[in-house]
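> Next input, structure requested:
(2 chains)
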Amino acid sequence: MTDIIDQLAGLAPGGTVDALRRHRPATRDNAQASYDALFTHFDEAHASLAERAAIAQFVAILHDDVPVGEHYVALNRRAGDGALVSTIATLAAAARTTGPYGEYPADGPLAPESVVGPRFAVDDEVRSVLGERLAAALEHAHLLVFRPRESSVAALAALGDAGWSTDGIVTLSQLVSFLAFQLRVAAGLRLLTTKDAA
Amino acid sequence: MTEQTIDHPVAQPVTDASDGTPVRILTHPGASVPLAFTQAELDWLPWLEPADEATLSERQFEGLVDRSRAKSDYFRLLVRDPDILRARTLTDKDIFYNAKDGLPRAERELAAAATSRFNGCIFCASVHARFATHHSKRHDDVQRLLDEGIDGEQDAAWRAVIDAAVALAATPSRLESRHLDALRAAGYDEQAVSDVIHSAAFFNWANRLMLSLGEPENPPGE
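From the prediction side, this is the model:
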């Protein structure tokens, strides 16, 4: 069975990075099990496969990682509403920025470290295409990706207003946060691999 | 991680979600929220209702991995999706505790603390700065990371770990081969370099959960 991080990082079987990963089998297996719990074997009651795939495509493109982006575009094309793939690709490309940024409390000692940046919002026209649930999920995903320190009660309330259940919000949070991990492991191991080729 | 219960939260029903389950947002108007990075022990207050401890299923206990985590609001909130919690927990434990070779424990915790400092997770930074101090016995160096930030002065090996963790935490990642070369030059072998990548990457997962599902609180009396 294909290991998803091997695939995303382009790791060759038998290479030095493959050996490093196989020396930590619990990490390797549970990174895969995490992916499977979110995208392969799961209960759709609180977050459908179509929603998961659409959010993952958006998050991968926000990270500007081509192989990971292609993987989740393909997943969304297979699993989701095919018509949304290009809408989300366009939306994510336009919403791309650099992070992390965000404001700290103005009356606190970290205020000098505040960095103001974009707060992504889906406009009404795109919202009508995506629906309230998915639009709210993408707004929350952008918050988690780029300015997690600006997380708030209000951000969770917005998800609730859009129809996300408490269980669904937990799954959505895990999905976006897991991708932040998976994308970085893939990016880091890809760099380690370039030494193999040298 | 935290071992406390909700202290007089104010529940605000937002709406009825599509499946009929109301989302109750918990706010903590009386909480003393820390405003600076610290190595002190903090509590964590959830903004959503944790699962009821009395009715946890066997599958949920499997998700918690350690049954004692049923006492933690954080893990009882995450156990609403038990399968991803279980896989996440087992990933976490191996990345940080499987240290018979590769990167020493102290530097794994340093990578976690540096990532948390850069992302702005005061709670995560407090836990892992404390662990970094415990394993390295270098309280002042760890405190300098918290007080002065990621650019505060450190020796070459810690500089290399912090720089790699921070570069990887950026979105998009700014990690380059020179970061990995600096780790090698500081004496870390390839397994240890891979461990830096995993320790730092994992905290981009953990920070986002802790920051977005609740808030830190100074313990009573602080």
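> all helices of chain A, in order?
All helices of chain A, identified by DSSP state H, fall at A:4-9, A:16-22, A:25-39, A:49-62, A:66-79, A:82-95, A:124-130, A:132-146, A:153-161, A:166-197.
> Would you indicate which residues of the last one are buried?
This means helix A:166-197. Within helix A:166-197, the residues that qualify as buried are A:166-193, counting by 16 or more other Cβ atoms under 10 Å in any protein chain shown. (Glycine included, C-beta is placed from N, CA and C.)
> How about stretch B:95-114?
Neighbour counts over stretch B:95-114 (16+ other Cβ under 10 Å) mark B:95-96, B:98-99, B:102-103, B:105-114 as buried.
> where's the dip in pLDDT among the residues you listed?
pLDDT across those is lowest for residue B:99, at 94.
> isn't there a helix covering that one?
No: counting by DSSP: H, G, I helix; E, B strand; the rest coil, residue B:99 is not part of a helix but coil.
> Make sure residue B:25 is actually in contact with residue A:153.
Yes: contact criterion Cβ atoms under 8 Å: residue B:25 and residue A:153 qualify, at 5.6 Å.
> which neighbours do these two share?
Listed as contacting both residue B:25 and residue A:153 by Cβ atoms under 8 Å, 6 or more residues apart in numbering or on different chains are residue B:47.
> Show me the shaky parts of the chain.
Reading this off chain A. A:195-198 (pLDDT under 70).
> my bad, chain B
Along chain B, the model assigns pLDDT under 70 to residues B:1-21, B:222.
> Is the residue nearest the centre of it in a helix, a strand, or coil?
The centroid of chain B falls nearest to residue B:124 when counting by Cα atoms, centre = their mean (3.8 Å). Following three-state DSSP, the label given to residue B:124 is helix.
> What values do phi and psi take at the nearest residue to residue A:106 once chain neighbours are set aside?
Distance criterion Cβ to Cβ, 6 or more residues apart in numbering or on different chains; nearest residue to residue A:106, sequence neighbours excluded, is residue A:114 at 7.7 Å. The phi and psi values for residue A:114, taken as degrees, to the nearest 10, are phi -60, psi 140.
> show me the contacts for residue A:114.
Contacts for residue A:114 (Cβ under 8 Å, 6+ apart) come out as A:102-104, A:106.
> how about stretch A:173-185 against chain B, any contact?
Yes: using Cβ under 8 Å from any Cβ of the partner chain, we find that stretch A:173-185 touches chain B at A:173-178, A:180-181, A:183-185.
> Mind checking which of residue B:25 and residue A:153 has more residues around it?
Comparing residue B:25 with residue A:153 by other Cβ atoms under 10 Å in any protein chain shown, the one with more neighbours is residue B:25, at 20 against 17.
> Are we agreed that the more buried one is in a helix?
No: judged by three-state DSSP, residue B:25 forms no part of a helix; its state is strand.
> count of residues packed around residue A:92?
If you count neighbours by other Cβ under 10 Å, residue A:92 ends up with 23.
> do you know how far it is from chain B?
To chain B, residue A:92 is 12 Å away according to Cβ to the nearest Cβ, to the nearest Å.
> ok, that residue touching residue A:64?
No: using Cβ under 8 Å, residue A:92 makes no contact with residue A:64, being 9.5 Å away.
> isn't residue A:187 right next to residue B:175, touching?
Yes: using Cβ under 8 Å, residue A:187 is in contact with residue B:175, at 6.3 Å.
> Mutual contacts of these two, please.
residue B:168.
> Tell me which residues touch residue 178, please.
I'll assume chain A. Shown in contact with residue A:178 (Cβ under 8 Å, 6+ apart): A:34-35, A:38, B:84, B:88, B:205.
> Filter the residues you listed down to the buried ones.
Using 16+ other Cβ under 10 Å as the burial test, those include A:34-35, A:38, B:84, B:88, B:205 as buried.
> Now distance to residue B:147 too, for those, in CSV please.
Output for those, formatted as CSV (distance: Cβ to Cβ, whole Å):
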residue, distance to residue B:147
A:34, 34
A:35, 38
A:38, 37
B:84, 35
B:88, 31
B:205, 26
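> Could you point out which of the residues you listed is nearest to residue A:4?
residue A:35 (4.9 Å; Cβ to Cβ).
> hang on, that closest one packs against residue A:4?
Yes: contact criterion Cβ under 8 Å: residue A:35 and residue A:4 qualify, at 4.9 Å.
> Which neighbours do the two have in common?
What both residue A:35 and residue A:4 touch, as defined by Cβ under 8 Å, 6+ apart, is the set residue A:182.
> so who does the closest residue to the residue nearest to the centre of chain B other than its chain neighbours touch?
Of all residues not flanking residue B:124 in the chain, residue B:116 sits nearest, at 3.9 Å (Cβ to Cβ, 6+ apart). Counting by Cβ under 8 Å, 6+ apart, residue B:116 makes contact with B:124-125, B:128-129, B:203, B:206-207.
> Is residue B:116 in a helix, a strand, or coil?
Following three-state DSSP, residue B:116 is assigned to helix.
> got the residue ranges for the strands in chain B?
Secondary structure of chain B by DSSP state E: the strands cover B:10-16, B:22-27, B:43-46, B:214-217.
> What about residue A:154, how many residues nearby?
Per other Cβ under 10 Å, the neighbour tally for residue A:154 reads 9.
> er, residue B:148 I mean
When counting by other Cβ under 10 Å, one arrives at 12 neighbours for residue B:148.
> got the CA positions of stretch B:121-138 in PDB?
Extracted C-alpha coordinates of stretch B:121-138, given in PDB (Å, rounded to 0.1, in the frame of the first residue of the first chain):
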ATOM      1  CA  CYS B 121       0.900  29.500  21.100                       C
ATOM      2  CA  ILE B 122       1.600  30.600  24.700                       C
ATOM      3  CA  PHE B 123       0.100  27.400  26.100                       C
ATOM      4  CA  CYS B 124       2.200  25.000  23.900                       C
ATOM      5  CA  ALA B 125       5.300  27.100  24.400                       C
ATOM      6  CA  SER B 126       4.900  26.900  28.200                       C
ATOM      7  CA  VAL B 127       4.700  23.100  28.300                       C
ATOM      8  CA  HIS B 128       7.500  22.400  25.800                       C
ATOM      9  CA  ALA B 129       9.800  25.200  27.100                       C
ATOM     10  CA  ARG B 130       9.500  23.600  30.500                       C
ATOM     11  CA  PHE B 131      10.300  20.100  29.100                       C
ATOM     12  CA  ALA B 132      13.300  21.600  27.200                       C
ATOM     13  CA  THR B 133      14.600  23.100  30.400                       C
ATOM     14  CA  HIS B 134      14.000  19.800  32.300                       C
ATOM     15  CA  HIS B 135      16.000  17.700  29.700                       C
ATOM     16  CA  SER B 136      18.700  20.300  28.900                       C
ATOM     17  CA  LYS B 137      19.100  21.900  32.400                       C
ATOM     18  CA  ARG B 138      19.500  25.200  30.400                       C
END
